[in-house]
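Student: No sequence on hand, only this structure:
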């Protein structure tokens, strides 16, 4: 078993910072660190489960209908996550809103199913899903943390600054999401530049 | 809930709560095909068209799901129906209008995984829109998507000629532009519709 | 990610395709139904509990509550269990089982999306004594301050919604004024930086009180009678 399947998703092929995939949920729910973490974990679960299911089915499903089957499998797991989150915390479900359902169309998940899980063993696919999911979660968390620290002066709801701190409300608004992601991408672009 | 006028729904979906700039829906095509003004216009037209079809389908499915009391099947039936609709539309256009197919054709498969379409279907259901309201919402969302895409493409064509430092090039720059556009669109909230 | 073109010569006939799709579809359907059934009791309990907490919040002094629904003839009867609807009225009672007030649900368009809220109507003083936002997607840090801002919430400590002498309409429908310009008990001070959301809340309350209070007012006995053992 090759641990590289796992590690590549965290750094070298990080879904958001390197592949720039699955940005709709990344920007939409990353206005607080808690929402970002919850969304990341939900995506992680769907990614691992759908990768496992797709790898399991890879010899059973004819080529012509594979995309349709993948979408079916992904939608099933997303529905499961949706109800599970509702059962755990209604408040969290309210905050994430319709974006849980939109995990279905997260290009990252269909992309991994097609590019990796459909031609590799279950073990490797699960590792790949876990790595990519974790990389996605970390990226989301770094977006959410920056936006929450600057936008509300807190992290995971704990106030960080003196009461005089004037929050940068723009960070919580949609444009703040674009700016934060742009800043991270520039940072990573600079970082990776030498070996690119 | 008080009835919302069709015009206000249209303006709301198009400008105030623009799908791309306020909900971040459909970012992949937004960043992917907003390099050239011409492709952007065509992509916008294709998405608007599919949105309209998907909105009508979603309205029908929701009625059926309510009738058989199976809300848990909503997501899975929406996505399956949208995917097959896109396929049918593609086949239909190929048969009837080769010219239109050549201009829209390559974008159609891409649209299946465009979150804006599924988002539209889910939002209109959440808001409990009637049939005509759904149509207005879909038209507004499509117009808003096209508008954002075309504005973006215009800006990026200009930027091709500007001297930009290396690490900023590409996606990062596009995102900064999107952020500024998004701020500009916030001003439409003052319309108060 | 695009759906790649089909590989050439991959046709295997309709049967394996149909078998795969139906098989996968069946398993997926069963899984969804299983999870739905497994989580439903928990979700419904959590929803009911959240609503109960909200009723106590908008009706200070109440420590028990009962829900009522409207019959065809306009009478209110105790609600049967089942899907809760926005038409319901939740009556709150104090320790001596006296009616403190009624909590009603109202909804309307906010800045981003629909806002659903619950407001408490004190029967004796004919005022709104509390507002709780049940659902909103207002901008965090701006619009959503209507839920947390103490100054704005203070508007709903005693908001006058008394009816005219003949009980047909509200004497002074609720108005939203500029921040700090509240002069009358039926006015709401707007919230700086959340102009649209605070106006939306005002108009949701105005529409709902205009439409529902006169009809409820003449049926007050329906809520009290139930108390007698």
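Tutor: Here it is on my side, so go on. Source: prediction; values computed, not measured.
Student: dump the residue contacts of residue B:31.
Tutor: Residues near residue B:31 by C-beta atoms under 8 Å, 6 or more residues apart in numbering or on different chains: A:20, A:23, B:171, B:174, B:175, B:178. (Glycine included, C-beta is placed from N, CA and C.)
Student: Name the SS class of the residue nearest in space to the middle of chain A, please.
Tutor: Note on chain A: the residue nearest the mean C-alpha position is residue A:136, at 3.9 Å, using C-alpha atoms, centre = their mean. Following DSSP: H, G, I helix; E, B strand; the rest coil, residue A:136 is assigned to helix.
Student: The contacts of residue B:31 in helices, which ones?
Tutor: Secondary structure from DSSP state H places A:23, B:171, B:174, B:175, B:178 of these in helices.
Student: Run through those and flag the ones next to chain C.
Tutor: The overlap between the ones in helices among the contacts of residue B:31 and the neighbours of chain C (C-beta under 8 Å from any C-beta of the partner chain) is empty.
Student: top of the contacts of residue B:31 by neighbour count?
Tutor: Most neighbours among the contacts of residue B:31, by other C-beta atoms under 10 Å in any protein chain shown: residue B:178, with 29 neighbours.
Student: Chain neighbours aside, what residue packs nearest to it?
Tutor: Spatial nearest neighbour of residue B:178, excluding adjacent residues (C-beta to C-beta, 6 or more residues apart in numbering or on different chains): residue A:178 at 4.6 Å.
Student: Quick check: residues of chain A near chain C?
Tutor: Going by C-beta under 8 Å from any C-beta, the residues of chain A near chain C are A:21, A:31-32, A:57, A:60-65, A:67-69, A:72-73, A:75-76, A:79-80, A:83-84, A:86-87, A:90, A:94, A:97, A:107, A:110-111, A:114, A:151-152, A:167, A:169, A:172-173.
Student: show me which of these neighbour chain B.
Tutor: Answer for the residues of chain A next to chain C near chain B (C-beta under 8 Å from any C-beta): A:21, A:67, A:68, A:72, A:75, A:76, A:79, A:83, A:107, A:110, A:173.
Student: Closest to chain C out of the ones in helices among the contacts of residue B:31?
Tutor: Nearest to chain C among the ones in helices among the contacts of residue B:31, counting by C-beta to the nearest C-beta, is residue A:23 at 12.7 Å.
Student: got the contact list for the closest one?
Tutor: Counting by C-beta under 8 Å, 6+ apart, residue A:23 makes contact with A:16, A:181, B:24, B:27, B:28, B:31.
Student: Make JSON lines from these and add pLDDT to it.
Tutor: As requested, the contacts of residue A:23 are exported to JSON lines (pLDDT from 0 to 100):
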{"residue": "A:16", "pLDDT": "80"}
{"residue": "A:181", "pLDDT": "90"}
{"residue": "B:24", "pLDDT": "84"}
{"residue": "B:27", "pLDDT": "80"}
{"residue": "B:28", "pLDDT": "74"}
{"residue": "B:31", "pLDDT": "77"}
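Student: Name the next helix or strand downstream of the helix or strand of chain B with the lowest mean pLDDT, please.
Tutor: Lowest by mean pLDDT, DSSP states H and E among the helices and strands of chain B is helix B:108-112, with a mean of 68. Downstream of helix B:108-112, the first helix or strand assigned by DSSP states H and E is helix B:115-126.
Student: got the contact list for that next one?
Tutor: With C-beta under 8 Å, 6+ apart, helix B:115-126 has contacts from A:24, A:98, A:101-102, A:104-106, B:19-20, B:23, B:25-28, B:47, B:50-51, B:54-55, B:57-59, B:62, B:74-75, B:78-79, B:82, B:111, B:133-134, B:137-138, B:141, B:145, C:114.
Student: Would you mind listing the buried residues in that helix?
Tutor: Across helix B:115-126, burial judged by 16 or more other C-beta atoms under 10 Å in any protein chain shown covers B:115, B:116, B:117, B:118, B:119, B:120, B:121, B:122, B:123, B:124, B:125.
Student: Can you confirm whether the helix or strand following that helix lies near chain A?
Tutor: Sequence-wise, the next helix or strand downstream of helix B:115-126 (DSSP H and E) is helix B:131-159. No. Judged by C-beta under 8 Å from any C-beta, helix B:131-159 and chain A are separated, with a smallest distance of 11.5 Å.
Student: So is helix B:131-159 next to chain C?
Tutor: No. Helix B:131-159 is not in contact with chain C by C-beta under 8 Å from any C-beta; minimum separation 11.8 Å.
Student: neighbours around residue A:92, how many?
Tutor: 16.
Student: Give me the residues contacting stretch A:117-135.
Tutor: A:1-3, A:5-11, A:13-16, A:40, A:43-45, A:47-52, A:54-56, A:58, A:66, A:70, A:108, A:112, A:116.
Student: ok, back up a step: can you flag which of the contacts of residue A:23 belong to helices?
Tutor: Using DSSP H, the contacts of residue A:23 in helices are A:181, B:27, B:28, B:31.
Student: Now do the same for residue C:103: helix, strand or coil?
Tutor: strand.
Student: Need the phi and psi values for residue A:154.
Tutor: Here is the backbone geometry of residue A:154 (degrees, to the nearest 10): phi -140, psi 170.
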